[in-house]
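Colleague: sharing a sequence plus its predicted fold:
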Amino acid sequence: MRSFQILSALLQYPEKALLEALPEIHAELEHCSTEVHTSIAPLLAYLAQHDLIELQENYVATFDRNRTCSLHLFEHVYGESRERGPAMVSLMQEYTNHNFLVVADELPDFLPMFLEFLGQTDEATAAEFLGESIHVIARIGDKLDEGESPYHGVFTALRSLTDVEPLPLAEPPVRDMDEVMEQFGSGVDGIEPLLSPSLSHQATTQTIQFYPRTAAPVGASQGV
């Protein structure tokens, strides 16, 4: 389970504490698989060789300003469609069911938070959720690889932790932002759609779907 927590930390916005923890991360990697260790070695070297301001600027450019590499998982499945809100409520309920405390200022589909959850739950549950979400995770990793981002190694490591073969994703739907804001409300920055309380009841019976069933090839295995 150490692997998930290490990978979660590496995908967080770089702070001084992360750089100071690099020796500890190297030590913890001794308990991880060779695939994980090898995959993230270039990222660890990158973090050690650049100053904090440069690391932070690159992080923002990579994940916050580049929608194709967004670390919000449902962004790649639902886009701005109305299904995104209920899916997040359902994921939040899964966190609650497994006694995982959600950070208040992050959406539940934020990948570092999701990985932290996998690192704190039991092995079978972690394997199930990773297998269901690997299609989205692989898509983000492919986009990072295309841009030659050092963060690509984290996603390679995650792919090594599951036997599920990633399937290609259809392009997420896009709606008019005025409709999105009306449905979900605005975030603290006035941009990010958040959850409307009216969606809670709708989500209680919805199964979390990391992979659009209609996009899957006939006979392919599906996530929930």
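Modeller: Perfect, thanks for sending it.
Colleague: quick one, helices of the protein?
Modeller: Taking DSSP state H, the helices of the chain run over residues 2-10, 16-20, 22-28, 34-49, 52-59, 84-97, 111-120, 123-146, 152-160, 177-184, 200-203.
Colleague: tell me which of those lies nearest to residue 74.
Modeller: helix 84-97 (5.1 Å; Cβ to Cβ). Heads up, the C-betas are built off the backbone N, CA and C, glycines and all.
Colleague: buried residues in that closest one?
Modeller: Of all the residues in helix 84-97, those buried under the rule 16 or more other Cβ atoms under 10 Å are 84, 85, 86, 87, 88, 89, 90, 91, 92, 93, 95.
Colleague: cool, and stretch 156-175?
Modeller: Neighbour-count burial for stretch 156-175, counted by 16+ other Cβ under 10 Å, picks out 156, 157, 158, 159, 161, 162, 164, 166, 167, 169, 172.
Colleague: output those as TSV; include the columns pLDDT and distance to residue 44.
Modeller: Shown next, in TSV, are those (pLDDT from 0 to 100; distance: Cβ to Cβ, whole Å):
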residue	pLDDT	distance to residue 44
156	97	13
157	97	11
158	98	16
159	97	18
161	96	18
162	95	22
164	93	26
166	91	24
167	87	30
169	76	29
172	65	32
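Colleague: and which of those is nearest to residue 102?
Modeller: residue 158 (20.6 Å).
Colleague: hmm, the closest one is touching residue 130, no?
Modeller: Yes - taking Cβ atoms under 8 Å as the definition, residue 158 is a contact partner of residue 130 at 7.1 Å.
Colleague: one step back: out of the helices of the chain, which gets nearest to residue 103?
Modeller: Per Cβ to Cβ, nearest to residue 103 of the helices of the chain: helix 111-120, 6.3 Å.
Colleague: what lies in contact with the closest one?
Modeller: Contact with helix 111-120 is made by 1-5, 7-9, 11-12, 71-73, 91, 95, 98, 100, 102-103, 106, 108, 125-126, 129-130, 133, 137, 140, 158, as judged by Cβ atoms under 8 Å, 6 or more residues apart in numbering.
Colleague: any of the residues you listed buried? List them.
Modeller: By neighbour count, with 16+ other Cβ under 10 Å, the contacts of helix 111-120 hold 3-5, 7-9, 11-12, 71-73, 91, 95, 100, 102, 108, 126, 129-130, 133, 137, 140, 158 as buried.
Colleague: ok, of the buried residues of stretch 156-175, which one's closest to residue 25?
Modeller: Closest approach to residue 25 among the buried residues of stretch 156-175 (Cβ to Cβ): residue 157, at 12.5 Å.
Colleague: residues in contact with that closest one?
Modeller: Per Cβ under 8 Å, 6+ apart, neighbours of residue 157: 3, 7, 35, 36, 39, 40.
Colleague: what separation do you get for the second one and residue 149?
Modeller: What that stands for is residue 7. 15 Å (Cβ to Cβ, to the nearest Å).
Colleague: where in this protein is pLDDT low?
Modeller: 1, 104, 172-224 (pLDDT under 70).
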